[in-house]
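Asker: return atomic coordinates for the entry below.
(chains A, B, C and D)
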Amino acid sequence: MLFNFATALVFLIFGGLFVLLNLGISRILQARNPHPVKISTYECGELPEGESWIQFNIRFYVVALVFLIFEVEIIFLFPWALVFKDLGLFAFVEMMIFVFILLVGLAYVWAKGDLDWDKPQSVPAPELSQSYEQKEVTETVDS
Amino acid sequence: MRELITTLANGQTFLANLPEVVLNIIFISLGAVVLTTVCAVLALVGVYMERKVSAHIQDRVGPMYVGGFHGWLQTAADALKLLLKEDIVPALADKKLHFFAPILVFGATLATFAVLPFGRHYVMSDMNIGILYILAISSLVVIGTILAGWASNNKWSLLGAMRSAAQVVSFEIPASLAILVIIMAVGSMNLGEIVNVQVGGIHKWLIWKFFPFNLLAFIIYFIATLAETNRAPFDLPEAESEIVAGFHTEYSGFKWAAFFLAEYANMFMVGVVGATLFLGGWSSPFGDFMNSGPFQIFWIFAKAFGLIFVQIWIRWTLPRVRVDQLMYTSWKVLTPFAFVAIIGVGFYMIL
Amino acid sequence: MTVGLEHYLVLSAALFSLGLLAVITKKNAVTVLMGIELILNAANINFVAFARFIDTDLDGQIFAIFVIVTAAASAAVALAIVLNLYERLHSINLEEADSLAG
Amino acid sequence: MSLFDVIFYLFAAFTLASAALMVVSKNIVHSAVGLLFSFFGVAGIYVLLAADFLAVVQVLVYVGGILILLLFGVMLTQRITSVDMRTGTLQLVPAILAVAGIFVILFRVIRTTSWNIVPEAEAQFIPTAEKIGYLLMTDFLIPFEIVSVLLLAALIGAAFIARKGT
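Answerer: This next block holds a predicted model:
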């Protein structure tokens, strides 16, 4: 058992080392032309505006919350699934009660609309102004 | 792997003189190096395949020039180019975390390769809770993504990272529940044992067992992993029309390549796990025919690349979904159906 | 094998102390929560160590699983409260949040 | 000192160092990274204690669940500039003294107690997941079902509180 986990750990470390090694190689090979514009924050060529702070929607939190609760449920479901073959009906009923209680929670957040993200409202397409349309047409003809 | 080491230690080679601990360390490191290379090469193959398949789907030819035959060296040349590129770190970025995030993401991806069975004896770490380990270690990738987005100190990076994290965690639940169906049927979390019950031909594959519930579970698993690897039609975190390149907007050079390699390695990992759980893993679909030694590696690769091909095919067929549709798919379609599959299999097994 | 129960217990005690330090010194509510998680981890190490060295049944490990579950539930509720607080006060500094008037 | 001991000391040092990083760090995201390493180190300690299932659960729930939730909480409540991300500390010196005192007391207690350790032979490295499944379905059935109620309460309560804030 220790051998298996040690192997996994070595793999994790080697993955990191692989990136480090290549970063080192890259450091030797790469061209370096530092320029203040290069290291400014990228905003599609515009000058960066404001701080990179966005008021995130609280729904991100609710999704993470529902995920966490179900993740915890899953850590009980896995050992249950291992012994399910042997224990049969009894274990099945127990687990169904467990799952049902948690599905009530899912039903709650579902009914309260916590899982609905804001849908884009279907706005009728704005009428194109006459002059704009004409300009488009003439430009195409010209080119 | 363990047996191999013991045989070598007991054999009449020069290796027999070394203590077992040293042998273990040598072999684990060797395996790690080999699989790191395999992982990188697989990512390159995956990128090449994506380009070629997408090109043919769109009725063009894709890269044709580099390396002669159908541009097969194109991705290798791209990798070389990425090594030569300047590594730009934004002035406002958190330098330490900016550096650390790609390492974490690639390391976590490679760590999942340790337990993947490429054949009856070709598995580095035959862990008894292998599949749970994969689920656990994959969550490090999410953390790496959030850290990368935050460390870049860029609006789009952060928004992309949050989107990516929310998406991955939402789809992790249906994926885990679909995997659970297999564990119920086999009674083991060891990937090797899961394959062992499927040896003997295509009719023994677990996807056909408990029809139609395992098939349903496979479909759920496939869709969920599609979203977990940020593939189209669920590639919102990288929706270039909305948020530039998502969480790796501020990454360049090899740090960016690390994310890219990790993404394709993840695709491959997901394909191998899907093939192992549902499609017989390394076993041949024709019973004993071509089921020995190296053929096992061929079969697992063929199945995994088959799944990757379907992923690419879907990417170039379907348009991107909206965020609300994404959440709808995960919580209101896949999760309830995954529970239906579990309950259905439970009934099958009791009756 | 020289590493025994006491080594694990000392490690756990040290981890507990660090968590406690975070809880009593930090002003930010989220950091305080992180400290609480450290304390729970320390307790878990004790449970598992006892399960290994004193009571070789797995009861200690099951307890640890229940502790993890409780930690998850408490983190979920606590963070919800923190978010709520932030919406009201636009700060999650615990010194400013000592009013019960809501 | 055997290899096992060396690994234990490495993991212990790693866990404590990253926990210290979490406490010392002024930046809250750096604190979260410290916490990440610390959780990971504790998972390693679990493996050394022959609790393989628990180690994976530790990573799955703490790193994959709680830490992500914490990071989401940070992103939702902080202005993401380095100035505002700093978290101040209160009464540092007396707190360190008090905590050090507590640690010394704990250390003394651990050293002086005579622990009733069972013979080493019984403590083998055997897979635990299946046994935990049996125990949950038999001896720990009532707590197991209560957990579902607890989780339900946490889910509904937290969703309710979070929604009220907006």
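Asker: could you list the low-pLDDT ranges of chain C?
Answerer: For chain C, the stretches flagged by pLDDT under 70 are C:1, C:56, C:90-102.
Asker: report the contact partners of the nearest residue to B:Ala40 once chain neighbours are set aside.
Answerer: Nearest non-adjacent residue to B:Ala40, counting by Cβ to Cβ, 6 or more residues apart in numbering or on different chains: B:Leu261, 6.0 Å away. From N, CA and C alone the C-beta is placed, and that goes for glycine too. Applying Cβ atoms under 8 Å, 6 or more residues apart in numbering or on different chains to B:Leu261 gives the contacts B:Cys39, B:Ala40, B:Ala43, B:Phe106.
Asker: can I assume D:Phe11 is in contact with D:Ile45?
Answerer: Yes. At 5.6 Å, D:Phe11 and D:Ile45 qualify as touching, with contact defined as Cβ atoms under 8 Å.
Asker: who's more crowded, the two?
Answerer: Neighbour count, other Cβ atoms under 10 Å in any protein chain shown: between D:Phe11 and D:Ile45, D:Ile45 has more, with 25 against 21.
Asker: show me what the one helix or strand that one maps to is packed against.
Answerer: Assigned by DSSP states H and E, D:Ile45 belongs to helix D:28-48. Helix D:28-48 is packed against helix A:2-29, helix B:95-113, helix B:130-152, helix C:5-25, helix C:29-53, helix D:3-24, helix D:52-57, helix D:67-77, with contacts defined by 3 or more Cβ pairs under 8 Å, 6 or more residues apart in numbering or on different chains; DSSP states H and E.
Asker: before we move on, back to that, after the one helix or strand the residue nearest to B:Ala40 maps to, which helix or strand is next?
Answerer: Assigned by DSSP H and E, B:Leu261 belongs to helix B:253-278. With elements assigned by DSSP H and E, the helix or strand that comes after helix B:253-278 is helix B:294-315.
Asker: low-confidence ranges, chain D, go.
Answerer: D:1, D:78-90, D:119-124, D:165-166.
Asker: what sits against the residue nearest the centre of it?
Answerer: For chain D, the residue nearest the mean C-alpha position is D:Phe39 (5.2 Å; Cα atoms, centre = their mean). By Cβ under 8 Å, 6+ apart, the contact list for D:Phe39 reads C:Glu37, C:Asn41, D:Gln58, D:Val59, D:Tyr62, D:Val63, D:Leu67.
Asker: in stretch B:196-208, what's buried?
Answerer: Buried residues in stretch B:196-208, counting neighbours by 16 or more other Cβ atoms under 10 Å in any protein chain shown, are found at B:Asn196, B:Val197, B:Gln198, B:Val199, B:Gly200, B:Gly201, B:Trp205, B:Leu206, B:Ile207.
Asker: same question, stretch D:2-17
Answerer: Result for stretch D:2-17 [16+ other Cβ under 10 Å]: buried residues D:Ile7, D:Phe8, D:Phe11, D:Ala12, D:Phe14, D:Thr15, D:Leu16.
Asker: so what's the residue lying closest to C:Ile45 once chain neighbours are set aside up against?
Answerer: Spatial nearest neighbour of C:Ile45, chain neighbours left out: C:Ser12 (4.1 Å); criterion: Cβ to Cβ, 6+ apart. Contact analysis of C:Ser12 by Cβ under 8 Å, 6+ apart lists C:Ala42, C:Ala43, C:Ile45, C:Asn46, C:Ala49.
Asker: picking that back up, want to throw the buried residues of stretch D:2-17 into a markdown table with distance to D:Trp115?
Answerer: Rendered in a markdown table, the data for the buried residues of stretch D:2-17 read as follows (distance: Cβ to Cβ, whole Å):
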| residue | distance to D:Trp115 |
| --- | --- |
| D:Ile7 | 22 |
| D:Phe8 | 17 |
| D:Phe11 | 21 |
| D:Ala12 | 18 |
| D:Phe14 | 25 |
| D:Thr15 | 22 |
| D:Leu16 | 22 |
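Asker: re the thing from before, ranking by neighbours, what's the top pick from the contacts of B:Leu261?
Answerer: Highest count within the contacts of B:Leu261 by other Cβ under 10 Å belongs to B:Phe106, 32 neighbours.
Asker: next one, pLDDT for residue 24 please.
Answerer: In the absence of a named chain, chain A is used. With respect to pLDDT, A:Gly24 scores 87.
Asker: the chain in question should be chain B.
Answerer: Reported pLDDT for B:Asn24: 78.
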